[in-house]
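> Need coordinates for the below:
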Amino acid sequence: MIWRLFSTCLLAALFCSLLSAGDRPWTLDAIMSLKTVSDPRISPDGSQVTYVVRSEGSPRHSYLSEVRVVESGGASKERSLSQPHDSDRSPRWSPKEPGRLAFLSARSGKQQVYVTFLSGGSVQPFTDSPTGVSSFRWSPDGKSIAYISVDPIGPKEAARIEAGDDPIVRGENHKYNRIYVVPAGGGTGRLITKQDHHVVSFDWSPDGSRIAYAAQPTPEGRWAFHADIHEVNLKTGEVTDLVAQEGRDASPSYSPDGKQIAFHTQGGTLNYFAERDVALVPSGGGDVRYLRKLYEGDVFRGGDNFWWSRDGSRILFGVGQGTRNHLVEVNLKTERGAALPVYPSSPSSFTMSRDGTHVAFINAGNASPSEVEVCDLTGRESAQTSERATCRQVSNGNPQASDYPSLRTETVSWKSKDGSRVEGVLRYPIGYKTGTRVPLLVELHGGPTGVASEGYPIPRTYPTQLLAQEGFAILAPNFRGSSNYGGEWRLKNAQLQGFGDFDDVMTGVDYLIEKGIADPNRMGVMGWSYGGYLTSWVIGHTDRFKAASVGAPATDWITYYGEFNGALEVLWTYFGGNPWEQAENYIRHSSRNGLAANAKTPSLLLHGANDFDHNHEIWQILSDRGVPVELVTYPREGHGIGEPMHQRDMMKRNLEWFKKWVLQTKPSH
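The predicted model follows:
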């Protein structure tokens, strides 16, 4: 008996030892163990980097966020600044006191600014806003912090609410975001923006005398495309309107001499799909200078985080281009732009040292999870030199990832029906052998202005690694409407939802079949939000897929319009106007009719209980048609599913659904 037990243990140990790096099989626990690393902030002198690491905490409710710091040269080990909490985020260095750091946390209730020193000592609250703090910035001299906080409820209103006298009248009694300033020693914040408009972003002038800020007329999402740039004199309280035009103008950033302000802009249009831009406006007011012709890349998802050279002649920001992102630098004197050989996981996930010699960013590789990387740019006067930067990874949030196989990933392209060139990201099955046909899953992103990018997946909806382990290839197409390809590509989606993008998807599928990769008899399709809509459209117009997973979709655009609480200009762009003027367009592009007439595909329907979507309608249609269907509702969840236990359940259901209907595998219990 003892020998049998010893032999069993010995064999188990031997088996584990034979599993070399990258050989361990993926499990749901292994996927959930992957941490995300975000918000890198390099210290002003470039010597240290702080960032946030997010990991699974209580399996049911939340994730833990941990603010960490490491030397930018990678000589020291990462260390945590405080006990992890589910709300810690946005670490920011003091511009004048080395080693002093502020961050946001709701560890004591309302989200406030907390400060700490790297040299030691406890974390101390810095603000005491009755409604909490949503964002903040140090003053240039480090003696104050400005922050955004929403209006509190007054005593009379509180008494009425307590008594049950609490009707909500749309358009009345708005609670605005406002800017406050509190001295470094703490205390009560001084109200800066007294006008009734809703602040969304801001920046200090270098001399600390002014604040430039972006604000929309009310807090309602309806007015999100009506944000303008203003400037307030902190001594007099006088407000100057700097940019007042159609569209959203936001994320102001002063030049070092305080004379110019960079900002992200829709360029004076309300068209949702149109080209976005980076622009400049003089402090105090003047003509807007657009930089669109001076750089290559798309700033629909970037162009809102800036670094200025000390003399103000150069400005650097992030852009998207195809399935990758990179940084660009524009020389404002020579009017030339050039790309920097830095490829962040998102176009705004970077910061520069004050002198521009070091950049910290979240890298984007296919072989390992994204980590903080620091590049030494010393000797490079600008991005417009050919010399490559010296870069070093300084964080190690996922050392366990090397135990598991990474996925072979590449960007592929094909021609759509109308001749348009379409790109997508293809992830191969683990252990794929060239020339072998394999089952294919098509993953459709949201938006439609989302984008499929290369990079190591840390999934929370579709268990990418487990699907690849089961033998699936996964194609994520950047159909028309996607970001990173410019306004012209997005505009091709206007009034063509379900038609042009459907063709882009299906020609991509045909391309992989023609290449001998995809098995045409074993295919599935899945998507969330707009991707859920497009998935529902697909299964209403073809029976080529054996299974579908539909997440949080819209199937009836007229109903959606009536309930939509965002910028209506989005839907006006989609359909050429409102439903009362363009009813035929709204009906033509709704997927309900195709589902009711043609749907045969077994479908898994997923959504949050607090979301507004149409999965109940799809369930009823498919049930009436006798199509296998399963509807899953996640309590407490909105448009995205955020609780770890719900994410686990969702990934498991997606895996089992596609195994059952595409691979014809019996579900595991």
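> Student question: in the protein, what's the helix or strand with minimum average pLDDT?
helix 2-18 (a mean of 40; mean pLDDT, DSSP states H and E).
> OK, contacts around residue 354?
44-46, 310 (C-beta atoms under 8 Å, 6 or more residues apart in numbering). (Each C-beta comes from the backbone N, C-alpha and C, glycine too.)
> for these, which one is nearest residue 125?
residue 44 (23.7 Å; C-beta to C-beta).
> From residue 259, how far off is that closest one?
Separation of residue 44 from residue 259 (C-beta to C-beta, to the nearest Å): 21 Å.
> after the least confident helix or strand of the chain, next one along is what?
Moving toward the C-terminus from helix 2-18, the next helix or strand (DSSP states H and E) is helix 28-32.
> packing partners for that following helix?
Contacts defined by 3 or more C-beta pairs under 8 Å, 6 or more residues apart in numbering; DSSP states H and E place helix 28-32 against helix 464-469, helix 644-661.
> Identify the residues contacting the helix or strand just after the first one?
Translated: helix 464-469. Counting by DSSP H and E, the element after helix 464-469 in chain order, helix or strand, is strand 473-478. Contact with strand 473-478 is made by 322-323, 412, 422-429, 432, 438-445, 451-452, 462, 464, 467-468, 484-485, 504-505, 508-509, 512, 517-518, as judged by C-beta under 8 Å, 6+ apart.
> Give me the subset of these lying in strands.
412, 422-427, 438-444, 518 (DSSP state E).
> Return the member of the residues you listed nearest to residue 174.
If you rank these by distance to residue 174 using C-beta to C-beta, residue 444 comes first, at 36.5 Å.
> Quick check: bridge partners of that closest one?
residue 527 (DSSP bridges).
> per-residue confidence for it?
Note for residue 444: predicted pLDDT of 98.
> And for the one 4 residues further on?
Among the per-residue scores, residue 448 holds a pLDDT of 93.
> ok, now the one 4 residues further on?
The score at residue 452 is 95. That number is its pLDDT.
> Let me see the ranges of the helices in the stretch 51-200 of the chain.
155-162 (DSSP state H, counting those that start in this stretch).
> which stretches of it have low pLDDT?
For the stretch 51-200 of the chain, the stretches with pLDDT under 70 are 58-60, 75.
> ok so, going back, report the buried members of the contacts of residue 354.
Neighbour counting by 16 or more other C-beta atoms under 10 Å classes 44, 46 among the contacts of residue 354 as buried.
> rewinding a little: between the ones in strands among the contacts of strand 473-478, which is closest to residue 343?
Closest to residue 343, out of all of those and judged by C-beta to C-beta, is residue 425, at 14.6 Å.
> Am I right that the closest one is in contact with residue 323?
Yes - proximity of residue 425 to residue 323 meets the contact threshold set by C-beta atoms under 8 Å, at 5.5 Å.
> who touches both of the two?
Going by C-beta under 8 Å, 6+ apart, residues that sit against residue 425 and also against residue 323 are 411, 452-454, 478.
> gap between stretch 114-124 and the chain center?
The chain centre lies 30 Å from the centre of stretch 114-124; the measure is C-alpha atoms, centre = their mean, to the nearest Å.
> could I get it in PDB with only the CA atoms?
What follows is stretch 114-124 as a C-alpha-only set of coordinates in PDB (Å, rounded to 0.1, in the frame of the first residue of the first chain):
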ATOM      1  CA  TYR A 114      -4.800  59.400  -1.400                       C
ATOM      2  CA  VAL A 115      -1.100  60.200  -1.100                       C
ATOM      3  CA  THR A 116       2.000  58.300   0.000                       C
ATOM      4  CA  PHE A 117       5.800  58.500   0.000                       C
ATOM      5  CA  LEU A 118       8.000  55.700  -1.500                       C
ATOM      6  CA  SER A 119      10.300  56.200   1.500                       C
ATOM      7  CA  GLY A 120       7.700  54.800   3.800                       C
ATOM      8  CA  GLY A 121       4.800  55.800   5.900                       C
ATOM      9  CA  SER A 122       1.100  55.100   5.700                       C
ATOM     10  CA  VAL A 123      -1.300  56.000   2.900                       C
ATOM     11  CA  GLN A 124      -3.200  59.200   3.800                       C
END
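> which other residues reach that stretch?
48, 69, 81-82, 99-105, 107, 125-126.
> got the buried residues for it?
For stretch 114-124, the buried set under the neighbour-count rule, 16+ other C-beta under 10 Å, comprises 114-118, 123.
> now, the most widely separated pair of those?
So for the buried residues of stretch 114-124, where distance means C-beta to C-beta, the most widely separated pair is 114 and 118, at 14.0 Å.
> Tell me, how many residues neighbour residue 660?
17 (other C-beta atoms under 10 Å).
> Could you double-check that it lies in contact with residue 666?
Yes - using C-beta under 8 Å, residue 660 is in contact with residue 666, at 7.2 Å.
> which one of the ones in strands among the contacts of strand 473-478 is nearest residue 344?
residue 425 (16.8 Å).
> ok, now which ones touch the closest one?
323, 409-412, 452-454, 475-476, 478.
> Any idea what it is bridged to?
With DSSP bridges as the rule, residue 425 is bridged to residue 411, residue 476.
> now the nearest residue to residue 508 once chain neighbours are set aside: how far from residue 308?
In space, and not counting its chain neighbours, residue 508 is closest to residue 477: 4.6 Å by C-beta to C-beta, 6 or more residues apart in numbering. Separation of residue 477 from residue 308 (C-beta to C-beta) stands at 37 Å.
> measure residue 640 to residue 552 for me?
8 Å.
> Please enumerate the shared neighbours of those two.
Joint contacts of residue 640 and residue 552 (C-beta under 8 Å, 6+ apart) are residue 608.
> More neighbours: the two, which one.
residue 552 (26 against 15).
> could you measure residue 529 against residue 73, distance?
Relative to residue 73, and taking C-beta to C-beta, residue 529 is found at 42 Å.
> likewise residue 603?
52 Å.
> now, the most widely separated pair of the shared contacts of residue 425 and residue 323?
454 and 478 (11.3 Å).
> got any residues that touch both of these two?
323, 425.
> So between the two, which is more surrounded?
Neighbour count, other C-beta under 10 Å: between residue 454 and residue 478, residue 478 has more, with 26 against 20.
> so what's the residue nearest to the spatial centre of the chain up against?
Central residue of the chain (C-alpha atoms, centre = their mean): residue 346, 7.7 Å from the mean position. For residue 346, the contact set (C-beta under 8 Å, 6+ apart) comprises 301-302, 318, 325, 362.
> tell me which of these is nearest to residue 278?
The nearest one, if we look at the contacts of residue 346 relative to residue 278 and count by C-beta to C-beta, is residue 302, at 8.8 Å.
> What number of residues are in the vicinity of that closest one?
Neighbour number of residue 302 under other C-beta under 10 Å is 27.
> That one reaches residue 316, doesn't it?
No - between residue 302 and residue 316 there is no contact under C-beta under 8 Å: 11.3 Å.
> residues contacting residue 431?
Residue 431 neighbours (C-beta under 8 Å, 6+ apart): residue 405.
> repeat that with 7 Å
Residue 431 makes no contacts at all, as judged by C-beta atoms under 7 Å, 6 or more residues apart in numbering.
> Tell me how far it lies from residue 22.
From residue 431 to residue 22 the distance is 11 Å (C-beta to C-beta).
> Also residue 482?
32 Å.
> just to revisit the earlier point, which members of the buried residues of stretch 114-124 are positioned in strands?
In strands, defined here by DSSP E, the members of the buried residues of stretch 114-124 are 114-117.
> Going by distance to residue 237, which of those wins?
Of these, the one sitting nearest to residue 237 (C-beta to C-beta) turns out to be residue 115, at 27.3 Å.
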